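K.L.:
Got a predicted model here, sequence first, then my questions.
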Amino acid sequence: MSRVFALAKWTITPDREPGTEPVTHAMQCKECGEKSDGSGDWEAPQSWALIHSGRNPTHTGYREIITRSYRTRMKQ
């Protein structure tokens with residue numbers, strides 16, 4: 001078996017091809033690790049964080065989790 005290797009430069013960009021998964025946002029509580037469902041808009045995760053803090057007044061730190069598809073390709 002033989003293999004051919006070539007030096008090539010690669011690039012990575014957000015995947016905007018038809019049928020690509022949508023970008024989603026979620027919030028995760030830094031105190032307990034609970035997180036909201038992923039959503040295509042910002043309002044649902046933000047509301048979840050505010051409700052979560054209301055129910056757990058010491059839980060005031062959150063991290064945003066963004067899921068976005070990327071695609072690599074060789075540079076021409």
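P.N.:
Right, received. Where do you want to start?
K.L.:
So Arg63 is in contact with Lys30, correct?
P.N.:
Yes - here Arg63 reaches Lys30: they are 6.0 Å apart, a contact under Cβ atoms under 8 Å. (Glycine included, C-beta is placed from N, CA and C.)
K.L.:
and Ala49, how far is that from Lys30?
P.N.:
11 Å (Cβ to Cβ, to the nearest Å).
K.L.:
Which residue ranges of this structure form strands?
P.N.:
10-14, 24-29, 62-67, 70-74 (DSSP state E).
K.L.:
from those strands, which stretch is densest packed?
P.N.:
Among the strands of the chain, ranked by average contacts under mean count of other Cβ atoms under 10 Å, first place goes to strand 24-29 (a mean of 19).
K.L.:
quick one: average pLDDT of it?
P.N.:
Average pLDDT, strand 24-29: 98.
K.L.:
roughly how far is that strand from the heart of the chain?
P.N.:
8 Å (Cα atoms, centre = their mean, to the nearest Å).
K.L.:
do the same with stretch 8-22
P.N.:
The answer for stretch 8-22 is 14 Å, by Cα atoms, centre = their mean.
K.L.:
in the chain, which ranges drop under the pLDDT threshold?
P.N.:
Within the chain, the ranges that satisfy pLDDT under 70 run 2, 4-5.
K.L.:
from memory Gln28 sits against Pro45, does it?
P.N.:
No - using Cβ under 8 Å, Gln28 is not in contact with Pro45; the gap is 9.2 Å.
K.L.:
Need the overlap of contacts for Arg63 and Lys30.
P.N.:
When contacts are counted by Cβ atoms under 8 Å, 6 or more residues apart in numbering, the set common to Arg63 and Lys30 is empty.
K.L.:
Please enumerate the helices of this structure.
P.N.:
For the chain, the helices defined by DSSP state H occupy 43-55.
K.L.:
tell me the contacts of the nearest residue to Asp37 once chain neighbours are set aside?
P.N.:
The shortest distance from Asp37 to any non-neighbouring residue, by Cβ to Cβ, 6 or more residues apart in numbering, is to Ala26 (6.6 Å). By Cβ under 8 Å, 6+ apart, the residues touching Ala26 are Lys35, Ser36, Asp37, Gly38, Ser39, Pro45, Glu64, Ile65, Thr67.
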